[in-house]
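Participant: model this:
(one chain, ligands or ions: 1)
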Amino acid sequence: MVISGGIAAYKIPDLVRTLVRAGLVVRCVMTRSAAQFVTPLALQTVSGHPVRADLFDASEEGAIDHIALADWADLVLVAPATASLLARMSHGLADELAGTLLLATRAPVLAAPAMNVNMWRHPATQENVERLRRRGVRFIGPETGALACGWEGEGRLADPAVIAAEVELLLAPKRLAGEVVVVTAGGTREPIDPVRVVANRSSGKMGTAVAAEAARRGARVVLISGPTALAAPAGVHRVLVETASEMRAAVQAELGACTIFVAAAAVSDFRPLAPAADKIKKDSIGEASRMVLELERTPDILAEVGEASAREGGGRLVVGFAAETRDLLAAARRKLEQKRCHLIVANDVTREGSGFDVDTNVVSFVGPGGEVEELSMRSKREVAERLLDRIEKLRGERS
Ligand code: C5P
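Facilitator: Numbering: from 1, shown residues only. Reported below is the predicted structural model:
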């Protein structure tokens with residue numbers, strides 16, 4: 001693990017002890033400034049291995065060189081990750097041993113930031129974090145609370161026990177290896193004429209997060225998404241579609257190999273019956289200043305997949321979403337049955353921090369027997385993680 005120079009470094013010997021107790025082998029690399037906050041001797045004592053700090057120390061390089069150390073690690077944990085180290089990581093600086101190791105390693109990297117709230121919120125830090133995330137660096141925390149600098153807010157190092165649990169999870173086997181996960185995401189757009197569409201507020205964030213997480217867990221993932229501003233996640237094959245019928249055709253094409261189907265898309269339920277070939281002119285609607293748009297139902301993709309999966313009996317897991325504005329759980333249970341799903345992710349889109357085009361979600365899982373597990377508000381990424389934990393569990397129970 002890499003320890004950089006922030007006050008939270010005093011918590012790191014405790015974290016190292018927890019990791020060692022969990023059976024992991026931990027080797028510590030400190031940045032130069034980290035030694036101002038925690039001693040190499042403390043880290044050496046708890047890890048049971050020499051602690052490295054200097055890129056050019058002949059005796060240290062003799063014992064194990066920095067490239068060998070980078071290759072040796074199954075995971076690199078950066079804790080605490082200061083604003084300065086995150087900036088250096090984001091720019092790929094190899095100015096000292098820590099940065100060199102982080103460039104050379106091919107192992108997953110988990111960073112636990114800790115800093116003053118204003119430093120954390122600063123656009124420079126946020127841009128660095130975003131860039132690192134895009135490259136696949138995972139983040140845990142920071143948490144909100146009292147900070148060592150005297151401020152209150154976001155910036156506390158995540159609880160060492162929580163960091164240790166995340167490390168263990170990451171080092172766990174790729175539990176979805178061999179699964180083929182098909183995810184629908186985003187809203188569809190149904191043409192009224194060549195210019196106008198019937199659309200909805202979905203951004204595609206939830207489904208995209210599910211696809212990204214399934215890929216991290218080793219599944220082969222196809223993401224079938226309506227128009228979205230989001231980039232395709234690493235390791236995910238994305239198929240972009242416009243309309244419900246295009247989405248249906250794309251799902252049908254992938255269904256043969258699919259072992260887990262997750263319908264997170266907000267498929268338009270209605271489409272104009274007869275889209276106009278030319279742009280409808282406003283003066284073409286006559287005196288009444290009104291026009292009636294006749295709509296018809298679109299195919300229910302999830303219901304079709306649920307039906308086909310039940311008929312084929314091949315063990316495909318089918319997961320749906322239910323975005324509701326009232327009677328959430330009753331509607332979710334109804335959908336579970338009607339669409340022959342194994343799990344419904346229900347969210348009340350009227351709640352703050354839930355639903356369309358925000359980065360968080362408040363959801364409940366409604367399981368095969370109608371049982372409910374409620375989650376508190378969390379990022380869509382965390383919701384995706386919990387959903388896939390749940391899917392893995394269902395998979396285990398069924399096989
Ligand atoms: O019936 P309702 O639209 O509320 O159901 C929501 C669930 O059904 C979501 O999982 C959504 O992706 C899926 N769905 C679908 N095709 C439709 C409508 C909804 O796959 N035409």
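Participant: Please name the strands paired to the helix or strand harbouring residue 155 in the sheet, noting orientation.
Facilitator: Using DSSP states H and E, residue 155 sits in strand 152-156. Within its sheet, and counting by DSSP bridges, strand 152-156 is paired with strand 143-146 (antiparallel).
Participant: buried ones in the partner strand?
Facilitator: By neighbour count on 16 or more other Cβ atoms under 10 Å, the buried set for strand 143-146 is empty. C-betas here are computed from N, CA, C, even on glycine.
Participant: average model confidence for that strand?
Facilitator: Averaged across strand 143-146, the pLDDT comes to 91.
Participant: What of stretch 277-284?
Facilitator: Rounded mean pLDDT across stretch 277-284 is 90.
Participant: ends of that stretch, how far apart?
Facilitator: 14 Å (Cα to Cα, to the nearest Å).
Participant: bridging residues for the closest residue to residue 1 other than its chain neighbours?
Facilitator: Residue nearest to residue 1 in three dimensions, not counting chain neighbours: residue 77, with 4.1 Å by Cβ to Cβ, 6 or more residues apart in numbering. Residue 77 forms beta bridges with residue 110, as assigned by DSSP bridges.
Participant: repeat for residue 138
Facilitator: Under the criterion used here (DSSP bridges), residue 138 is bridged to residue 110.
Participant: gap between it and residue 76?
Facilitator: 11 Å (Cβ to Cβ, to the nearest Å).
Participant: go on, residue 300?
Facilitator: Taking Cβ to Cβ, one finds residue 300 at 45 Å from residue 76.
Participant: between these two, who's got more neighbours?
Facilitator: The residue with more neighbours, out of residue 300 and residue 76, is residue 76; 22 against 17, by other Cβ atoms under 10 Å.
Participant: which residues touch that one?
Facilitator: 1-2, 70, 101-102, 105, 107-110 (Cβ atoms under 8 Å, 6 or more residues apart in numbering).
Participant: Go again with 7 Å.
Facilitator: 1-2, 102, 105, 107, 109 (Cβ atoms under 7 Å, 6 or more residues apart in numbering).
Participant: before we move on, what about residue 30?
Facilitator: Here residue 30 is in contact with 3, 40, 51, 53 (Cβ under 7 Å, 6+ apart).
Participant: ranking those residues by neighbours, who comes first?
Facilitator: Busiest of these [other Cβ under 10 Å] is residue 3, holding 32 neighbours.
Participant: List the beta-bridge partners for that one.
Facilitator: Beta-bridge pairing of residue 3 under DSSP bridges involves residue 30.
Participant: returning to that earlier point: mind pulling up the pLDDT for the residue nearest to residue 1?
Facilitator: 98.
Participant: From the ligand, how far out is it?
Facilitator: Separation of residue 77 from the ligand (Cβ to the nearest ligand atom, to the nearest Å): 36 Å.
Participant: ok, back up a step: quick one: contacts of the strand holding residue 155?
Facilitator: 114-117, 120, 141-147.
Participant: Tell me which residues of that strand come out buried.
Facilitator: 153-156.
Participant: which SSE is residue 296 in?
Facilitator: strand 295-297.
Participant: next SSE after that strand?
Facilitator: helix 301-312.
Participant: on that earlier part again, which neighbouring elements make contact with the strand holding residue 296?
Facilitator: strand 270-272 (3 or more Cβ pairs under 7 Å, 6 or more residues apart in numbering; DSSP states H and E).
Participant: Give me the helices and strands touching the strand it packs on, please.
Facilitator: Strand 270-272 packs on strand 190-191, strand 197-198, strand 295-297, going by 3+ Cβ pairs under 7 Å, 6+ apart.
Participant: now the biggest strand by length in the chain: mean pLDDT?
Facilitator: The single longest strand within the chain, with elements called by DSSP state E, is strand 317-324. In this model, strand 317-324 has an average pLDDT of 95.
Participant: Which strands or helices does the helix or strand following that strand pack on?
Facilitator: The first helix or strand that comes after strand 317-324 along the chain, using DSSP H and E, is helix 328-338. Applying 3+ Cβ pairs under 7 Å, 6+ apart, one finds that helix 328-338 contacts strand 317-324, strand 343-348, strand 363-366.
Participant: Relative to the ligand, which of those is closest?
Facilitator: strand 317-324 (3.6 Å; Cβ to the nearest ligand atom).
Participant: what's next to the closest one, contact-wise?
Facilitator: Contacts of strand 317-324 (Cβ under 7 Å, 6+ apart): 260-264, 266, 302, 305-306, 309, 331-332, 335, 339-349, 355, 391, 394-395.
Participant: What parts of the chain come near the ligand?
Facilitator: Residues of the chain that fall close to the ligand, judged by Cβ under 6 Å from any ligand atom: 184, 244, 263, 265, 267, 269, 298-302, 320-322, 335.
Participant: coming back round to it: same list (the helices and strands packed on strand 270-272) but as TSV, adding mean pLDDT.
Facilitator: Compiled in TSV, the helices and strands packed on strand 270-272 are given as follows (pLDDT from 0 to 100):
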stretch	mean pLDDT
strand 190-191	98
strand 197-198	97
strand 295-297	97
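Participant: Just send the ones you listed back as JSON lines, with mean neighbour count and distance to residue 225 too.
Facilitator: Shown next, in JSON lines, are the helices and strands packed on strand 270-272 (neighbours: other Cβ atoms under 10 Å; distance: least, Cβ to Cβ, whole Å):
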{"stretch": "strand 190-191", "mean neighbour count": "20", "distance to residue 225": "16"}
{"stretch": "strand 197-198", "mean neighbour count": "20", "distance to residue 225": "16"}
{"stretch": "strand 295-297", "mean neighbour count": "12", "distance to residue 225": "22"}
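Participant: Any stretches of the protein with poor pLDDT?
Facilitator: 58-63, 172, 399 (pLDDT under 70).
Participant: So which residues of it form helices?
Facilitator: 12-21, 40-47, 58-63, 66-72, 83-90, 97-104, 117-121, 123-134, 160-171, 205-216, 244-255, 301-312, 328-338, 380-398 (DSSP state H).
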